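In: what would the 3D arrangement of this be:
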Amino acid sequence: MPGPTREWVTFPDPKNKHRRWEIDVTFLTSHWQCIFGCGCQGVLTEPAPEMVQGCCSYGAHFTDRKDRDNVVRAAKRLTSDQWQFADVGRKKGIFAKTGKKEWRTRLHKDACIFLNRPDFGRGAGCALHLLAMDTGEHHSELKPEVCWQLPLRVIERDDEEDENRTISVLTQFGRDGWGEGGEEFAWWCTEDPAAFTAADPVYRTLGDELRKTLGDELYPDVVAYLDERMERAAPPLAHPSEVPVSLSARR
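Out: This next block holds a predicted model:
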């Protein structure tokens, strides 16, 4: 798992006896926050904060057809005031096929077609996120799953002790989540102290995203555990990008 030192906690899945969750306590109790447009260097091979592309340079790969179709429906609701490239998206479609059953958002002018650029009237940022802000909906209802989950990541693996059980590892989205290309990035947010500046811990600031990821039954149990963990005399292990740490260091 990412990072030299991590603290983990394990939960059984209340809805699936053949599934166990391993939760990254270190990241969820850290103070990471998205700094899009406020220090984000982008995910190109050289820092490019002036482009204000964040992690939208390569388009978003859809989880499945359901994920893709949900975004197609959301795109139909966007107005030209919310979406800089509405005309292109409506003419060419919002996704491109990358495999037999694989798709990603279409690229336009070297970034995701939903990414409004700095010269747009309402500024740089995701058109779908803008729609969520305008309507009061949570952005997870409108954006591709990988976009609203970031920087959370679930890694599925087989349990070596029980071949009938799956382990779901909930942790941060590191460079390895991007595949080999991630190593070429000049910068990545979960590695930089500049992004660990939120007033509240991740499990609080990303509560809606965590609930959708874990489910309504497991989510409150995880939050209750993390609340209790934060109140102990010995706090959780600090995130390696939040403060300098050694193998025995605690914050």
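In: middle-most residue in the chain, spatially?
Out: Centroid-nearest residue in the chain, with CA atoms, centre = their mean: Leu150, separated by 0.3 Å.
In: for the residue nearest to Gln172 when sequence neighbours are not counted, what is the enclosing helix or strand?
Out: Leaving aside its sequence neighbours, Gln172 sits nearest to Phe27 (CB to CB, 6 or more residues apart in numbering; 4.4 Å). In short, each C-beta sits where N, CA and C put it, glycine included. Here Phe27 sits within helix 25-28, counting by DSSP states H and E.
In: name the residues that touch that helix?
Out: Residues outside helix 25-28 that contact it (CB atoms under 8 Å, 6 or more residues apart in numbering) are 3, 5-9, 170-172, 190, 201-203, 210, 226, 229, 236-239.
In: okay, domains of the chain per the record?
Out: 1-36+151-186+193-246, 56-149 (automatic domain parsing).
In: mean pLDDT lowest where, among those?
Out: The minimum mean pLDDT among the domains of the chain belongs to domain 1-36+151-186+193-246 (a mean of 92).
In: helices along the stretch 151-251 of the chain, start to end?
Out: Under the criterion DSSP state H, counting those that start in this stretch, the stretch 151-251 of the chain contains helices at 202-205, 207-214, 219-231.
In: what comes up buried for the longest strand belonging to the chain?
Out: Longest among the strand segments of the chain by residue count, using DSSP state E, is strand 162-172. Residues Arg165, Ile167, Ser168, Val169, Leu170, Thr171, Gln172 are the ones in strand 162-172 that count as buried (16 or more other CB atoms under 10 Å).
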